[in-house]
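Kindly generate the corresponding structure for this input.
(one chain, ligands or ions: 2)
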Amino acid sequence: RDPDPEAAAREYLRELDHDTGVHLNRASLAEWAYASNLTEHNLKRKLEVSAEVAAFQKEAWHRTVHFPWQTFRDPDLRRQFRKYSVLGSAALPPEKFEKLEKLTSEMESIYSTAKICDYFNQTKCDLSLEPDLVELLTHSRDANELRHAWVEWRRASGEKCRGLFERYVALSNEAAALNNFTDMSEMWLEPYEAKDFRDQVRELWEQLRPLYEQLHAYVRRKLQEQYGEAEVSRDGPIPAHLLGEMWSSTWKNVANFSAPAVAQPPPDVSPALKQQGYTPLRIFKLAEEFFISLNMSAMPDLFWERSILEKPADREITCHASAWDFYDAKDFRIKQCTRVDMEHMFTAHHEMGHIQYFLQYKHQPVVYREGANPGFHEAVGDVMSLSVSTPKHLRQVGLLRDEGPRDDDASALNYLFLQALQKVAFLPYAYLMDLWRWDVFNGSVTSDEYNCRWWRLREQYQGIEPPVDRTEEDFDPGAKYHIVASVPYIRYFVSYVIQFQFHRALCLEAGQFDPNDPMKPLYACDIYGSTAAGNKLKAMLQLGSSRPWPEALEAVTGSRRMDASGLLDYFKPLYEWLKAENARTGERVGWGPSRRACVS
Ligand SMILES: C=C(C[SeH])C(=O)N1CCC[C@H]1C(=O)O
Ligand SMILES: [Zn+2]
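Ligands and ions are numbered 1, 2, ... in the order given. This is a model prediction of the structure:
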């Protein structure tokens, strides 16, 4: 019998995977050192290490592509070779590779260190995004102060990155071409392994749009009541600065004056967290406890030793929350400038969801240590939060007092409304973030129309408008972390759809949801303590990206397709209520053209 012709390839791959792990470990450590201390020295070090790793990857790539891997019989061997056959930006000549790294590092540094002046005290100019502007957008009800923060943040961040971003686009497309992609948008879509992926996403949005439009119409009326007709028109787009968040991507901060049942404001445990002396560490311990209750992994000791859970006072860091795999199957960390509030309690669960995924697939070859697709990685923590955020669970952990007789329907409606302000409001934003970038990469949007194209999409999909006129001097997309840090965003749209498919499947598994039992609605389900649910999710997480994502989806939900029915089932009671309420008040569902201009 001839020796297995693929044995040599298998041995080569084992060695390559080991060496790749060693290099990725070094790159992650250098990236962490810079992201957690934004100095010139640490940037230089990071660039040196990533240049070395790129040189290793390019050299290995030349050997990898010499194998006739497309003809291999072993499908798993083929899959690993196929993944290693995409070199990425390391395909650029070294000086261009370094230039690209410098561009994203510089944009990220501008964003992370940007400061603006206080509206009421123009000599106080040390307001940073985290926590100052986040808290201002959360609490202020002064339309002028909100407009000031909105405009000044964009002047201090996005506007300064426009030139850098243009060069980043050109170099990114050069890298994509060297990988035989038409442009970077195609390379970004590679992990979804579906030629019709953009169509799949568009169809999902079409199914979800009616729910979004009902929510938008209702919230617009509530904002008009709060701020008056001068600020908010009756049937036009919603002004972006009034939605309680810098990017108008999640609207939970308008809940306390717009909830359906005003008698009982929707659950906000921020005061309780502070009163009960929660620290960032204790918030993460609470998150860990939820995973352990599902028979999933506790955080390793190293996690608690090396994570950064609070914003340091003595140095500049990238505060945008992130979870890190150091590819040695031992070192996993979170970096988060944690605020002791409800939003960051859920962000802690979100980030710990990434760590849980790292832990569950750490035995896989390095090449498979990623989500089944990037949307899966963003969904894990949010699935936990769908249970943790229920009033029942918040009462169980002592964060919500049992305020005596509760009108269950009213409190249920308020809870669903609060959830919709986060999950439904977010969908068009997540979609347009990459609709805009795909068009920038494929050249259908040129730099002379970056900003006005952005606002056309914001109006078309989200029904929002800027608080002041815009021009092509501005670069508003650059006011968002993922744009300047080159982090794709369609992963979050995918996550917000599949997390409800996962939630529904796990709630059935946990016996917490029964479609035929009105006493067990999906939105009230809490899978806490269900090892059956935990084991089912774990089995999928352990796959990493070793199997095509429809198979991973099927392992938990029984379906191989993303579909909006999980989310639509969850919000059905609210959707019915919104339709009736908007009909009662005669709202125009949808919006007319913006009165704001964008001058190119
Ligand atoms: C928390 C993270 C780190 Se992966 C994040 O960027 N998220 C989580 C939800 C959407 C998106 C954002 O903040 O824009
Ligand atoms: Zn995430």
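
Spatially, which residue comes closest to the most centrally placed residue in the chain, not counting chain neighbours?
When Cα atoms, centre = their mean is applied to the chain, the residue found nearest the centroid is Y492 (4.6 Å). Ranked by Cβ to Cβ, 6 or more residues apart in numbering and with sequence neighbours excluded, the top spatial neighbour of Y492 is A430, at 4.5 Å. Where you see a C-beta, it was placed from the backbone N, CA and C, and this is true even at glycine.

ok, back up a step: ok, the residue nearest to the centre of the chain touching E378?
Yes - taking contacts as Cβ atoms under 8 Å, Y492 lies within contact range of E378: 5.5 Å.

For the chain, which residues score under the pLDDT cut-off?
Within the chain, the stretches falling below the threshold (pLDDT under 70) are 1-2, 403-406.

Which stretches in it count as strands?
Listed in chain order, the strands found in the chain under DSSP state E are 115-116, 127-128, 238-239, 322-325, 332-335, 464-465, 470-471, 598-599.

nearest to P94, of those?
Across the strands of the chain, the minimum distance to P94, taken as Cβ to Cβ, is reached by strand 322-325, at 25.5 Å.

so how far is E289 from P191?
For P191, the distance to E289 equals 32 Å [Cβ to Cβ, to the nearest Å].

Pick out whichever of these two has more residues nearby.
Using other Cβ atoms under 10 Å, the more surrounded residue of P191 and E289 is P191, with 20 against 12.

thought the more buried one was touching P374?
Yes - with contact taken as Cβ under 8 Å, P191 and P374 are classed as touching, separated by 5.7 Å.

one step back: which stretch among the strands of the chain comes nearest T20?
strand 322-325 (12.9 Å).

excluding its backbone neighbours, what's nearest A323?
Counting by Cβ to Cβ, 6+ apart, H354 is the residue found nearest to A323 once chain neighbours are left out, at 3.4 Å.

Now for that neighbour, how many residues are close by?
21.

and what of Y431?
Y431 has 24 neighbours, counted by other Cβ under 10 Å.

give the contact list for it.
Y431 makes contacts with 201, 205, 461, 490, 493, as judged by Cβ atoms under 8 Å, 6 or more residues apart in numbering.

again, 6 Å this time
Counting by Cβ atoms under 6 Å, 6 or more residues apart in numbering, Y431 touches 205, 493.

okay, now the residue nearest to S297 when sequence neighbours are not counted: neighbour count?
Setting aside the residues directly before and after it, S297 is nearest to L359 in space (Cβ to Cβ, 6+ apart), at 4.5 Å. Burial of L359, expressed as a neighbour count using other Cβ under 10 Å, amounts to 22.

Hmm, L359 is touching M296, no?
No - here L359 does not reach M296: they are 8.1 Å apart, not a contact under Cβ atoms under 6 Å.

Distance of E106 relative to ligand 1?
Using Cβ to the nearest ligand atom, to the nearest Å, E106 is found at 20 Å from ligand 1.

and the closest residue to that residue other than its chain neighbours, what is it in contact with?
Computed as Cβ to Cβ, 6+ apart, the closest residue to E106 that is not its neighbour in sequence is L164, at 5.9 Å. When contacts are counted by Cβ under 6 Å, 6+ apart, L164 touches 103, 106-107.

I'd like the residues you listed written out as TSV, with distance to P515 added.
Listed next are the contacts of L164 as TSV, based on distance: Cβ to Cβ, whole Å:
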residue	distance to P515
L103	51
E106	52
M107	47
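
Distance to S140 and neighbour count added to these, as TSV?
As requested, these are exported to TSV (distance: Cβ to Cβ, whole Å; neighbours: other Cβ atoms under 10 Å):
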residue	distance to S140	neighbour count
L103	34	23
E106	31	16
M107	28	24
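
out of those, which one sits closest to L43?
When the contacts of L164 are compared for distance to L43 (Cβ to Cβ), E106 comes out closest, at 8.6 Å.

nearest to G592, of the contacts of L164?
If you rank the contacts of L164 by distance to G592 using Cβ to Cβ, M107 comes first, at 35.3 Å.

Near ligand 1, which residues of this structure are found?
Applying the criterion Cβ under 6 Å from any ligand atom, the portion of the chain that neighbours ligand 1 consists of 321-322, 347, 350, 492.

rerun that using 5 Å as the cut-off
Remark: the part of the chain in contact with ligand 1 comprises 321, 492, using Cβ under 5 Å from any ligand atom.

The longest helix seen in the chain packs against which elements?
Across the chain, the longest stretch assigned as helix under DSSP state H is helix 197-227. Identification of packing neighbours for helix 197-227 by 3 or more Cβ pairs under 6 Å, 6 or more residues apart in numbering; DSSP states H and E yields helix 255-258, helix 565-584.

Distance from the longest one to the middle of the chain?
The chain centroid and the centroid of helix 565-584 are separated by 25 Å, computed with Cα atoms, centre = their mean, to the nearest Å.

And the contacts of stretch 269-289?
Stretch 269-289 is contacted from outside by 299, 309-310, 338, 340-342, 345, 348-349, 352, 394, 399, using Cβ under 6 Å, 6+ apart.

Export that stretch to PDB, keeping only CA atoms.
What follows is stretch 269-289, C-alpha atoms only, in PDB (Å, rounded to 0.1, in the frame of the first residue of the first chain):
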ATOM      1  CA  VAL A 269     -30.200  48.400  38.000                       C
ATOM      2  CA  SER A 270     -27.400  51.100  37.700                       C
ATOM      3  CA  PRO A 271     -28.400  52.700  41.000                       C
ATOM      4  CA  ALA A 272     -28.500  49.300  42.800                       C
ATOM      5  CA  LEU A 273     -25.100  48.300  41.400                       C
ATOM      6  CA  LYS A 274     -23.600  51.500  42.900                       C
ATOM      7  CA  GLN A 275     -25.600  51.300  46.200                       C
ATOM      8  CA  GLN A 276     -24.600  47.700  46.700                       C
ATOM      9  CA  GLY A 277     -20.900  48.600  46.300                       C
ATOM     10  CA  TYR A 278     -20.400  46.700  43.000                       C
ATOM     11  CA  THR A 279     -16.900  47.100  41.600                       C
ATOM     12  CA  PRO A 280     -15.800  46.300  38.000                       C
ATOM     13  CA  LEU A 281     -14.200  43.100  39.400                       C
ATOM     14  CA  ARG A 282     -17.500  42.100  41.100                       C
ATOM     15  CA  ILE A 283     -19.400  42.700  37.900                       C
ATOM     16  CA  PHE A 284     -17.100  40.300  36.100                       C
ATOM     17  CA  LYS A 285     -17.400  37.700  38.900                       C
ATOM     18  CA  LEU A 286     -21.200  38.000  38.500                       C
ATOM     19  CA  ALA A 287     -20.900  37.300  34.800                       C
ATOM     20  CA  GLU A 288     -18.500  34.300  35.500                       C
ATOM     21  CA  GLU A 289     -21.000  32.900  37.900                       C
END
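
next one: it to chain centre, how far?
Between the mean C-alpha point of stretch 269-289 and the mean C-alpha point of its chain there is a distance of 22 Å (Cα atoms, centre = their mean).

Repeat that for stretch 247-260.
Between the centre of stretch 247-260 and the centre of its host chain there is 18 Å, according to Cα atoms, centre = their mean.

again, but for stretch 559-577
Once both centres are worked out by Cα atoms, centre = their mean, stretch 559-577 turns out to sit 20 Å from its chain's centre.

and it, which residues are buried?
Residues of stretch 559-577 classed as buried under the neighbour-count rule (16 or more other Cβ atoms under 10 Å) are 562-564, 566-571, 573-575, 577.

if we can go back for a sec, using JSON lines, lay out the helices and strands packed on helix 197-227 together with distance to V445.
Rendered in JSON lines, the data for those read as follows (distance: least, Cβ to Cβ, whole Å):
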{"stretch": "helix 255-258", "distance to V445": "34"}
{"stretch": "helix 565-584", "distance to V445": "29"}
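
among those, which is nearest V383?
helix 565-584 (10.7 Å).
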